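Asker: Below is the sequence, then the predicted model.
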2 protein chains.
Amino acid sequence: MSSLRGGIDLGGTKIQALVVDGERTVRGRARHPTPTTGGPEQVAEAMVAAQQEAAQDAGLSAASELRGVGAGCPGQVDADAGTVERAGNLPHWEAPFPLAERLQRGLAAPVRLGNDVSVATMAEFHLGGGAPYSSLLGVFWGTGVGGGIVLDGRLWEGRGSAGEIGHTVIKRGGARCPCGRRGCLEAYAGRKAMEARARAKHERGTKTELFEIMRHRGRDRLTSGVWERAVDGGDHLAHRLLERAVRALGTGIASAINLLDVEAVVLGGGLGVRFGARYLQDIEREMVRHLFHDSKPPKLFVTELGDDGGGLGAAMLVPEHPQPARAEPAGATAG
Amino acid sequence: MSSLRGGIDLGGTKIQALVVDGERTVRGRARHPTPTTGGPEQVAEAMVAAQQEAAQDAGLSAASELRGVGAGCPGQVDADAGTVERAGNLPHWEAPFPLAERLQRGLAAPVRLGNDVSVATMAEFHLGGGAPYSSLLGVFWGTGVGGGIVLDGRLWEGRGSAGEIGHTVIKRGGARCPCGRRGCLEAYAGRKAMEARARAKHERGTKTELFEIMRHRGRDRLTSGVWERAVDGGDHLAHRLLERAVRALGTGIASAINLLDVEAVVLGGGLGVRFGARYLQDIEREMVRHLFHDSKPPKLFVTELGDDGGGLGAAMLVPEHPQPARAEPAGATAG
């Protein structure tokens, strides 16, 4: 059987599919935009298409030749049931959707689901910059702001929903968050919230090139690339909104460190990959300002796996070795 | 050798000493005010006096008859070195002070130090309302706001400083905290901060009975009892400041739950014991407002161990059975 495994990172903006070998080297890749209309069916279809394309990129005839495929998904993931529900940043994805089964049908390969930020955090912990540490906080700065927690080398998932650092309240009564609440970190730093604020400001007369660049690049939303182009061009509004996001990130990370005191923090996600290096010192300064024990800040670094972290972590969901069809006592004969 | 153990809870306002038997039943107790002047030496002296008095209350002639004494302390505790440093709410206690040695000298019994909120959280986890759960967040609402974290049955202490929920930023740029930073939970809910605000308001003409009650009771600060008397008497300022504290607590706890998703939260500390039952529903409502997964809030409850939690947890620092003088391989003869 092939040692190649597939890994799909389902993001709010893009679907990244990888093919990874036994040494965890990337052998094939494909990237599709995440559908913004339709619902889970359309998203699943795009995930299948991306993984098939990545399989071909790796020289396979189809994804069915893979040992298996892992998928890292936002929202509430039930890995055993193979379902995903309440994926807030995806279109009309509220009720539990049987994603594993749907992908299995499209790919003709075994599929295992995991939480997107959890798998990306574990990938960084094992394969990336987290390797020297035994505890790590992953902060994924993209459409929303997600978090993953590794303590004593193990993922901490609480009752299944831990890591929602994006909904740390950094300002009681503050900005409205896409989740409907007020003052969450994500209300300041999530790309969705940043776009909404840019649009409102623009409509009220604030000058910005953001939407011009978006249209020029054929996008229907402010992608990380659009933000980067605008900031590089000296766009004041883009610059101000990013600085606001950076302050919020530093504050929210500090609160998490005051509580957890982990050794290191990795910054990933679409905006984290794009802007992490540029703003790392600013985020760190804001963080240290709010650290109760400010003489020993954690190590803060940008993901070493870049955009591949989610897909690599998802591929790690597939067992290294073939699993027996079922766990039988030694010597038992399958009925 | 006696099965009785001593436990000292060193708080910002009071020192509570217990004597506990092998069944973890309290056999003796004493309470002394925490010195507000002097420094670590004076505090250690008061701790010795309290534990001696508790020993006599338990029918012993002196604390030297105890198997050992545990002490739960605020600030940075180095249990192995037997030192405490940077105990912010205690007088002039910045540099590491050899508290274990100083107590051992005064008590003529072995002494083991622990972090005050960690030991109180473990006591609640094992002996109190936390018993049905495998993960628990302890929130100690008193002079400051401290926190303890139990995950999968084990205390999580990070690099030694985890649990500082009092310094979760709930309002960026908000009220000044006794720690010097802005917007911390403790800046709104810690008794020290509440007193400072009450004093400032009073000096600027806001009517309140708080300081009258304080003087009448012969206190030099607004103890939990003073706050209770004022609220019971319908004091508007006291009421408003407590409601402000309650909103802050709900918000800060919600941020912690969004991150950790533990099963239960225990509310303790001087104000928690005094006001927990009265304000529990308000704190819970505030918490749920800010929970990202608000359909499954954690169980929130007031400490079942009351004021004894800290002392019980401290006593649990003393080993149940006599320890060998040193760990020698079996059969070895001590030199």
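Answerer: On my side now, so go ahead.

Asker: residues from the stretch 101-250 of chain A in reach of chain B?
Answerer: Contact residues, the stretch 101-250 of chain A versus chain B (CB under 8 Å from any CB of the partner chain): A:135, A:147, A:149, A:151, A:156-174, A:179, A:181, A:183, A:247-248. Glycine gets a C-beta too; all of them are placed from N, C-alpha and C.

Asker: which residues touch the closest residue to chain B within the stretch 101-250 of chain A?
Answerer: Scanning the stretch 101-250 of chain A for the residue nearest chain B gives A:Gly158, at 2.5 Å (criterion: CB to the nearest CB). By CB atoms under 8 Å, 6 or more residues apart in numbering or on different chains, A:Gly158 lies in contact with B:Ser135, B:Leu260, B:Asp261, B:Val262.

Asker: What separation is there between the last one and B:Ile170?
Answerer: Using CB to CB, to the nearest Å, we find B:Val262 at a distance of 19 Å from B:Ile170.

Asker: Comparing the two, which shows the higher neighbour count?
Answerer: B:Ile170 (31 against 22; other CB atoms under 10 Å in any protein chain shown).

Asker: what about the helices in the stretch 151-300 of chain A?
Answerer: Counting by DSSP state H, counting those that start in this stretch, the stretch 151-300 of chain A has these helices, from start to end: A:186-189, A:191-203, A:210-216, A:224-232, A:236-260, A:270-289.

Asker: Arrange those in JSON lines, one row each, with mean neighbour count and mean pLDDT as further columns.
Answerer: Shown next, in JSON lines, are the helices of the stretch 151-300 of chain A (neighbours: other CB atoms under 10 Å in any protein chain shown; pLDDT from 0 to 100):
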{"stretch": "helix A:186-189", "mean neighbour count": "29", "mean pLDDT": "98"}
{"stretch": "helix A:191-203", "mean neighbour count": "19", "mean pLDDT": "97"}
{"stretch": "helix A:210-216", "mean neighbour count": "17", "mean pLDDT": "97"}
{"stretch": "helix A:224-232", "mean neighbour count": "20", "mean pLDDT": "95"}
{"stretch": "helix A:236-260", "mean neighbour count": "24", "mean pLDDT": "98"}
{"stretch": "helix A:270-289", "mean neighbour count": "19", "mean pLDDT": "96"}
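
Asker: if we compare those helices, which one ends up closest to B:Asp21?
Answerer: helix A:236-260 (35.1 Å; CB to CB).

Asker: could you give the angle of that closest one to helix B:236-260?
Answerer: 90 degrees (axes from the mean of the first three to the mean of the last three CA atoms, to 10 degrees).

Asker: what distance separates helix A:236-260 from the middle of the whole chain?
Answerer: Between the centre of helix A:236-260 and the centre of its chain there are 18 Å (CA atoms, centre = their mean, to the nearest Å).

Asker: so what's A:His32 up against?
Answerer: Taking CB under 8 Å, 6+ apart, one finds A:Lys14, A:Ile15, A:Ala17, A:Ala46, A:Ala49, A:Ala50, A:Glu53 in contact with A:His32.

Asker: So the second one, which state does it fall into?
Answerer: In terms of secondary structure, A:Ile15 is strand; the call rests on DSSP: H, G, I helix; E, B strand; the rest coil.

Asker: Can you tell me who it pairs with across the strands?
Answerer: Beta-bridge pairing for A:Ile15 (DSSP bridges): A:Leu10, A:His32.

Asker: distance of it from B:Leu280?
Answerer: 45 Å.

Asker: Please apply the same query to the fourth one.
Answerer: Going from A:Ala46 to B:Leu280 by CB to CB gives 47 Å.

Asker: related to what we said a few turns ago, adding distance to chain A, write the contacts of A:Gly158 out as CSV.
Answerer: Formatted as CSV, the contacts of A:Gly158 follow (distance: CB to the nearest CB, whole Å):
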residue, distance to chain A
B:Ser135, 7
B:Leu260, 6
B:Asp261, 3
B:Val262, 6
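
Asker: And the strands in chain A?
Answerer: All strands of chain A, identified by DSSP state E, fall at A:5-10, A:14-20, A:26-33, A:68-73, A:76-78, A:83-85, A:111-115, A:136-141, A:145-151, A:154-155, A:264-268, A:299-302.

Asker: could these be laid out in TSV, adding mean pLDDT?
Answerer: Conversion of the strands of chain A to TSV gives the following (pLDDT from 0 to 100):
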stretch	mean pLDDT
strand A:5-10	97
strand A:14-20	96
strand A:26-33	96
strand A:68-73	97
strand A:76-78	91
strand A:83-85	96
strand A:111-115	96
strand A:136-141	97
strand A:145-151	97
strand A:154-155	95
strand A:264-268	97
strand A:299-302	98
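
Asker: how about those, which one is nearest B:Pro74?
Answerer: Across the strands of chain A (criterion: CB to CB), the nearest stretch is strand A:145-151, sitting at 23.8 Å.
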